[in-house]
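Novice: 3D, please:
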Amino acid sequence: MLAKTQTGSTIGLVACQVAAMPSKLLIVESPGKIKKLSQILGSDWLVKASVGHIRELASDGEDSLGFDLDGNSVRCRFVARGSRGADVIQGLKAAVKQVKTVVLATDPDREGETIAWHLQQALNLKSPQRVVYTEITPNAVRAAIAHPRALDLNLVHSGLCRTVLDKLVGYRGSPLLWQLQNGAKSMGRVQSAALHIICQRERQIQVFVPQEYWSVFVDYAEGFRAYYKGSSTDASAEDVTPDDATEPSTGQTPTQESERVTSQAAADHLVELAQQQPHAITQIDGKTTSRTPPPPFITSTLQQAAGSRLRLSPEKTMQVAQSLYEAGLITYMRTDSTALSPEFCAQARQWLEAHDPSNVPKKVAQHRKSKAAQEAHEAIRPTDVYRPSKELRVELAADAFSLYVMIWKRAIASQCQSARVRQTKILTQSGATYWQAKGQVLEFHGYTKYWHNLTADVELPNLTPGQALTLQQAAHEQKQTQPPSRYSEPKLVQTMERKGIGRPSTYAPTIHTLKQRLYVDILKGHLQPTPLGLDVDSFLQDALPDLLEAEFTAQMEQALDQIATGHQDWQHYLTTWNQAYFAPALVKAKQVIPSHLTTNPAPRRGKPTELSKTPCPQCNSGLAKIPSSKVKKKYFLKCVSGCADVVLFWSDYSRKWEPPHSKPTDDKSPPSPPTITAHPCPVCKKNLEEYAYEKDGQAKKLLRCSDVKARGDRKHQDVVYFHTANGWWSPKLGNLAEKEPVSPT
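Specialist: I've put the predicted structure just below:
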């Protein structure tokens with residue numbers, strides 16, 4: 001009887017365990033979302049992450065493009081994205097077998113839709129459910145799960161078109177740069193247009209010739225300063241009376257200066273006239289203007305504000321925003337829409353009614369919408385305006401807390417009343433000379449209690465027209481016109497958005513690529529093109545000028561938008577664009593290369609080359625220190641006096657500078673020839689060779705393509721396997737199955 005009871009208990013326990021097994025699988029992009037989503041969905045759900053893209057275009061076919069353009073069709077071949085992508089796919093396939101339902105919940109944008117399609121293809125899902133949410137909160141996630149949809153193939157086609165287009169431009173355009181032999185690594189559809197903006201500004205700065213001028217002013221005992229505005233005896237007299245109809249009501253007072261006086265003699269003469277003549281008020285003009293609240297953040301404005309107020313780069317801003325999104329604190333951070341959900345607007349209004357009733361507007365301000373904005377998305381906002389800041393300050397890192405507070409304030413400000421500013425202008429006269437003072441006072445704070453973007457108050461005294469004034473001093477300041485300033489990272493993002501270059505998801509990666517390629521440096525918080533960057537831009541202006549023009553790039557983005565809405569066939573657009581423009585343009589571009597070749601290429605960074613005390617072993621000149629983040633000493637030595645291939649690296653083992661892969665100095669034997677293996681090169685299928693070398697005094701070996709010429713091209717840059725205790729391993733390609741060598745060469 002006891003045995004039966006134990007058996008029955010065992011069966012019941014097994015049944016409970018089976019019942020507790022998840023029956024549904026939710027696949028997201030980021031592993032950071034798994035914990036939060038698992039808490040929301042409960043034990044019936046298994047949550048897994050694709051860790052971004054799991055597949056990429058193959059590196060086969062013509063120019064290693066991984067796709068074929070044939071007539072009006074595009075045939076793409078996709079492979080797992082390295083060993084990491086292959087491992088993720090295998091893990092997800094195993095998870096799919098454990099459940100009955102698979103739901104794809106990748107990010108709510110075109111890239112996310114494309115990743116969902118790749119998941120469907122890689123996992124052989126017949127009809128997966130696609131859900132979209134813009135905030136990781138219980139209500140939003142459960143509502144999305146309750147209303148799944150099919151994959152939006154228009155969005156997928158737009159994403160595929162962007163992928164193919166960018167690889168086509170990069171893989172067929174970049175080899176042109178390599179022939180310049182100046183260290184240039186790549187060009188790109190968005191990358192090169194952004195670099196052109198930076199280089200155009202740099203050339204404006206280089207040719208700028210500063211002009212001297214004088215600002216003339218008078219100080220009155222009544223407590224204000226007025227600036228020279230013109231004279232009734234010259235052509236500027238007609239511009240003396242303020243014309244408010246031509247000035248935008250921004251609520252801001254610009255830095256005040258006089259009408260520009262271009263010589264010191266003229267400035268001295270105006271000072272003398274001011275000292276000789278009595279002064280009186282000619283006109284007082286005052287009005288109250290409204291300043292509407294700013295819209296809530298979109299990706300570009302978030303990056304701009306975080307850069308100017310928190311000193312965060314666009315890349316860092318997006319990393320921190322991603323963490324806030326994954327924690328369920330803000331909505332999705334890649335958006336170009338200023339729209340807010342009715343639920344949030346109601347919540348914000350309730351908060352204002354409880355905490356700041358004087359700031360509740362009768363009607364919320366309407367903000368201008370971008371033509372390209374995806375209005376199905378929301379702006380960036382907090383998911384809950386009532387979250388206590390005391391708790392968040394403890395839970396979040398300093399950068400994350402500061403960014404969250406900024407997002408919270410901007411969203412609340414967008415729902416407030418307008419600010420009211422009283423602007424005053426006083427026009428005074430001495431003889432035939434006019435002087436003007438401007439002031440402004442914030443009469444009602446409105447939204448500025450949460451988002452202050454107005455200049456400080458400049459209050460003028462209460463005066464009356466015709467009132468005589470007492471001159472304290474008349475003077476002038478010598479000034480100089482300034483060149484246009486270089487772009488900061490946030491300002492470049494703003495310019496890219498305004499010109500239609502790229503989309504929210506591409507701003508930060510584009511700037512990161514420009515810095516990584518050594519095309520730009522950060523100088524005092526601003527982007528300065530390096531000589532290499534200027535050289536690349538100069539070549540592309542001659543070789544592929546259309547790709548640098550903002551209008552041309554913007555038209556391509558508009559075509560991608562049309563594909564996303566189903567108004568354009570992606571394959572027809574891509575093949576037509578290639579046949580009508582890109583292929584002929586490449587033929588012309590190759591003819592430009594000889595005129596840009598130089599025997600003395602510009603240094604890759606804008607800083608002057610520093611010479612070391614170590615002499616060149618051939619010419620005895622001092623070797624130059626070449627910065628590099630890939631070596632321990634942060635630089636290596638190279639001869640810049642004309643000796644070919646003289647490069648030395650520091651060895652911690654011998655404590656001296658040595659040539660790369662060198663053998664001990666007492667070894668007089670010739671180097672042994674490489675051994676050809678049976679392993680095929682993953683790019684060209686020729687056999688890999690085993691190469692022995694020495695690093696830091698230790699003997700090492702690696703596998704590389706046996707084709708010497710092929711090893712120098714871009715296709716083969718990741719084809720290298722290092723010998724480890726577990727066999728041959730590549731950072732890009734993963735482990736390699738062992739095979740016996742074929743024969744020595």
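
Novice: for the rest of this, base every contact and every neighbour count on C-alpha atoms.
Specialist: OK.

Novice: how near is the residue nearest to Y573 when sequence neighbours are not counted to A306?
Specialist: Nearest non-adjacent residue to Y573, counting by CA to CA, 6 or more residues apart in numbering: A559, 8.0 Å away. Distance, A559 to A306, using CA to CA, to the nearest Å: 31 Å.

Novice: again with Q415
Specialist: Using CA to CA, Q415 is found at 21 Å from A306.

Novice: neighbour count for those two, which is higher?
Specialist: Q415 (26 against 23; other CA atoms under 10 Å).

Novice: quick check, that one in a strand?
Specialist: No: Q415 is assigned coil when assessed by DSSP: H, G, I helix; E, B strand; the rest coil, not a strand.

Novice: name the nearest residue to it, ignoring sequence neighbours.
Specialist: V364 (5.8 Å).

Novice: who are the contact partners of that neighbour?
Specialist: Contacts here follow CA atoms under 8 Å, 6 or more residues apart in numbering; on that basis V364 touches 414-417.

Novice: what's the closest of those residues to R349?
Specialist: Q415 (7.2 Å; CA to CA).

Novice: state the pLDDT value of that closest one.
Specialist: Q415 is assigned 95 on the pLDDT scale.

Novice: that one and V458: what is the separation?
Specialist: 27 Å.

Novice: A413 now?
Specialist: Taking CA to CA, one finds A413 at 24 Å from V458.

Novice: between these two, who's got more neighbours?
Specialist: Comparing A413 with V458 by other CA under 10 Å, the one with more neighbours is A413, at 25 against 14.

Novice: now do the same contact list for that one.
Specialist: 293-294, 296, 447-451.

Novice: now do K287
Specialist: Taking CA under 8 Å, 6+ apart as the test, what K287 contacts is 422-424.

Novice: only alpha carbons, please: show the helix or strand hosting it as PDB.
Specialist: Assigning secondary structure by DSSP states H and E places K287 in strand 279-291. What follows is strand 279-291, C-alpha atoms only, in PDB (Å, rounded to 0.1, in the frame of the first residue of the first chain):
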ATOM      1  CA  HIS A 279      20.900 112.200 -24.900                       C
ATOM      2  CA  ALA A 280      17.200 111.600 -24.600                       C
ATOM      3  CA  ILE A 281      14.800 108.700 -25.100                       C
ATOM      4  CA  THR A 282      13.200 108.700 -28.600                       C
ATOM      5  CA  GLN A 283      11.000 105.600 -28.400                       C
ATOM      6  CA  ILE A 284      10.100 102.800 -26.000                       C
ATOM      7  CA  ASP A 285       8.600  99.600 -27.400                       C
ATOM      8  CA  GLY A 286       7.400  96.700 -25.300                       C
ATOM      9  CA  LYS A 287       5.400  93.600 -25.900                       C
ATOM     10  CA  THR A 288       4.700  90.200 -24.200                       C
ATOM     11  CA  THR A 289       5.400  87.100 -26.300                       C
ATOM     12  CA  SER A 290       4.700  83.500 -25.700                       C
ATOM     13  CA  ARG A 291       7.300  80.700 -26.000                       C
END
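
Novice: show the subsequent helix or strand relative to it.
Specialist: Following strand 279-291 toward the C-terminus (DSSP H and E): helix 299-310.

Novice: what's that next one in contact with?
Specialist: Outside helix 299-310, the residues touching it (CA under 8 Å, 6+ apart) are 312-314, 317-318, 333-336, 380, 402-403, 407, 489-491, 493-494, 497, 504, 507.
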